[in-house]
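**Q** show me the folded form of this:
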Amino acid sequence: MATAAGKKLEFELIDVHNPKEYNFILGHAHFIKTVEDLYEALVQSSTALKFGIAFNEASPGYEAMPVVAAAAGRKVRFDGNSRELIELAKMNAIAIGAGHTFIVFLDGGFPVNCLNAVKGVPEVCRIHCATSNPTSVVIAKTSDDEKGIMGVIDGVCPTDFETEDDKIKRHDFLRVIGYKR
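**A** Here you go, the predicted structure:
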């Protein structure tokens, strides 16, 4: 597909690599301090939560700002408190490749435990998904080395309607994991 400016636009699917089926949050943010602010939001959500964060910068660099010139240019920034989850986040961030995208892998908690804290980080613009399901990221890619997330494919399609027995099982499950009394 060609755009008005003569650029080419292609779509691709990137599967989130998640062999241990960790919960993760995929989102969009806009500033170099995103990693530090996400770290603070997550660690304040639960001191037991283990996590790894990776954030793709989109700006070409900061050469006009001598203090941070060494930090210039389209890096994958990362942090966390679990080496395994940090590495998983880094690998997925670079594979997705879309600027200003972040991914957070979680262990010892669920997105519901920290999602509002993540959404409350001032530079967070959007959450694309929070899941442990098999997920594919729909990427738009231009001919000028630019990528953006168009959406996600989260899990698989339903096959039937919930039965009364299913409702009881859902009700019981929520109590087993401590989310309902």
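
**Q** give me the below-cutoff pLDDT ranges for the protein.
**A** Regions of the chain meeting the criterion pLDDT under 70 cover residues 1-5, 61-73.

**Q** now the residue nearest in space to the middle of the chain: how far from Ile177?
**A** Residue closest to the mean C-alpha point of the chain, counted by C-alpha atoms, centre = their mean, is Leu26 at 1.9 Å. For Leu26, the distance to Ile177 (C-beta to C-beta, to the nearest Å) stands at 23 Å. Quick note: C-beta positions are derived from backbone N, CA and C, even for glycine.

**Q** next one: Ser82
**A** Distance from Ser82 to Ile177, by C-beta to C-beta: 21 Å.

**Q** which one's more surrounded, these two?
**A** Using other C-beta atoms under 10 Å as the criterion, Ser82 and Ile177 rank with Ser82 on top: 18 against 9.

**Q** how about the more buried one, phi and psi?
**A** Backbone torsions of Ser82, given as degrees, to the nearest 10, read phi -140, psi 120.

**Q** OK, contacts around it?
**A** Contact partners of Ser82, counting by C-beta atoms under 8 Å, 6 or more residues apart in numbering, are 50-52, 107.

**Q** can you do 6 Å?
**A** For Ser82, the contacting residues are 50, 52, by C-beta atoms under 6 Å, 6 or more residues apart in numbering.

**Q** which of the helices or strands spans the closest residue to Ala58 other than its chain neighbours?
**A** Take Ala58 and drop its neighbours on the chain: the residue closest to it by C-beta to C-beta, 6 or more residues apart in numbering is Gly99, 2.5 Å away. Per DSSP states H and E: Gly99 is located in neither a helix nor a strand.
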